[in-house]
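1. Sequence unavailable; structure follows:
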């Protein structure tokens, strides 16, 4: 059986570990006359970590990704609950299929179509204009960036939450009802704790995808203020400074590792104690 584990291990080593190692090594290189020079200098780290624009972009990106994870998780839960517990299997399968359909289309194409909805002369402003409302200004704002993040993450969060809730044992729910728990209390004390792993992982995916996204901040957020992904592109365009861009990228990777570790601890923590 160990033989069949070799191909994926080699794949991960060749296309993840090696590029990641090269990325980390590049953070210590320097740029001289617009050319990369292998070096061992901490100047790139010192410059980026001390730069006010980097701190601002880091905080801004983290806040938007966290906000997107919260909005996606909270807004998806009622729909996921309905899909898991209130619908017939045939209807549930159809709606789950419809949630998968957006992934058939390229994400940039979906973002371009979102521009049509929220542009000053777009569909939404055209619909609310007869009511004396608007125009709604969404493009080139943080709100536009969050909308783009939700276009990317919300279908996935809803799918993961639905599958997590569907795996909740029905006998636990019936036992809670027999003990006099109402629907809301049953959700809080039985369903959410039982489906905790799936719910936390769904929020984690939303944060990770939003934190590293480049398309939504560029086309819906207007790149002002810039996110970390925009900052990477700016560093490359500014004097071909790949080492500084690599510092930003490595910082993002380290942040995601810390966040994922914390979320996995939240998802799986206490399970052994509960079993004991």
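-> Good, I have the coordinates. Keep in mind that this is a model prediction, so the values were computed, not measured.
2. which ones are touching the closest residue in space to residue 95 that isn't next to it in sequence?
-> Spatial nearest neighbour of residue 95, chain neighbours left out: residue 83 (6.0 Å); criterion: Cβ to Cβ, 6 or more residues apart in numbering. C-betas here are computed from N, CA, C, even on glycine. With contact set as Cβ atoms under 8 Å, 6 or more residues apart in numbering, residue 83 has these partners: 92, 95, 96, 158, 162, 165.
3. In ChimeraX, how would I select just the buried ones from the residues you listed?
-> To isolate the buried members of these in ChimeraX, using 16 or more other Cβ atoms under 10 Å:
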select :92,96,158,162,165
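4. farthest-separated two in the contacts of residue 83?
-> Using Cβ to Cβ, those span at most 13.6 Å, a distance reached by 95 and 165.
5. Below-threshold pLDDT in the stretch 1-150 of the chain: ranges please.
-> Scanning the stretch 1-150 of the chain for pLDDT under 70 picks out 1.
6. roughly how far is the host helix or strand of residue 145 from the heart of the chain?
-> Assigned by DSSP states H and E, residue 145 belongs to helix 142-166. Distance of helix 142-166 from its chain centroid, counting by Cα atoms, centre = their mean, to the nearest Å, is 8 Å.
7. what does stretch 251-267 give?
-> The answer for stretch 251-267 is 12 Å, by Cα atoms, centre = their mean.
8. List the buried residues for that stretch?
-> 251, 252, 255, 256, 259, 263, 267.
9. among these, which one has the lowest pLDDT?
-> By pLDDT, residue 267 ranks lowest within these, coming in at 91.
10. Need the nearest residue in space to that residue, chain neighbours excluded.
-> residue 200 (3.9 Å).
11. In the stretch 51-200 of the chain, what residue spans correspond to helices?
-> With helices called from DSSP state H, counting those that start in this stretch, the stretch 51-200 of the chain shows them at 52-81, 89-100, 107-118, 123-128, 142-166, 170-178, 183-186, 192-194, 196-211.
12. Look up the pLDDT of residue 275 for me, please.
-> Reported pLDDT for residue 275: 48.
13. next one: residue 166
-> 93.
14. cool, the one 4 residues further on as well?
-> Confidence at residue 170, expressed as pLDDT, is 87.
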